[in-house]
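[1] Sequence and predicted model, in that order:
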Amino acid sequence: MPSILKEALEWLNRAEQAREVAGQLTDLGARKAVLELAESFHRLARAAATPAVFRRRELATKNRERSC
């Protein structure tokens, strides 16, 4: 599996873990902050999994290989 997909899955996993933690919190402010963190992790996962990111990484890898 390409590393970019692994990264996206890791971000999704972190989002899930954060939501689990938020569900255990009794302080509303802390719960809100952790849920916002979870949403940020989810956005990172979506961004990492976009086709444009795949293409940029592919081009960057090819350029590095050519310069060596």
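    Received the coordinates, thanks.
[2] Now the element after the host helix or strand of Ala8, going C-ward?
    Ala8 is part of helix 3-24, with elements assigned from DSSP states H and E. Using DSSP H and E, the next helix or strand after helix 3-24 towards the C-terminus is helix 28-48.
[3] in that following helix, what counts as buried?
    Buried positions in helix 28-48, judged by neighbour count with 16 or more other CB atoms under 10 Å: 34-35, 37-38, 41-42, 44-45, 48. Where C-beta positions appear, they are placed from N, C-alpha and C, glycine not excepted.
[4] Contacts made by it with the rest, please.
    4, 7-9, 11-12, 14-16, 18-19, 21-22, 25, 53 (CB atoms under 8 Å, 6 or more residues apart in numbering).
[5] one step back: can you redo the buried residues of helix 28-48 as JSON lines with distance to Ser67?
    JSON lines is the format used below for the buried residues of helix 28-48 (distance: CB to CB, whole Å):
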{"residue": "Val34", "distance to Ser67": "43"}
{"residue": "Leu35", "distance to Ser67": "44"}
{"residue": "Leu37", "distance to Ser67": "38"}
{"residue": "Ala38", "distance to Ser67": "39"}
{"residue": "Phe41", "distance to Ser67": "34"}
{"residue": "His42", "distance to Ser67": "35"}
{"residue": "Leu44", "distance to Ser67": "29"}
{"residue": "Ala45", "distance to Ser67": "31"}
{"residue": "Ala48", "distance to Ser67": "25"}
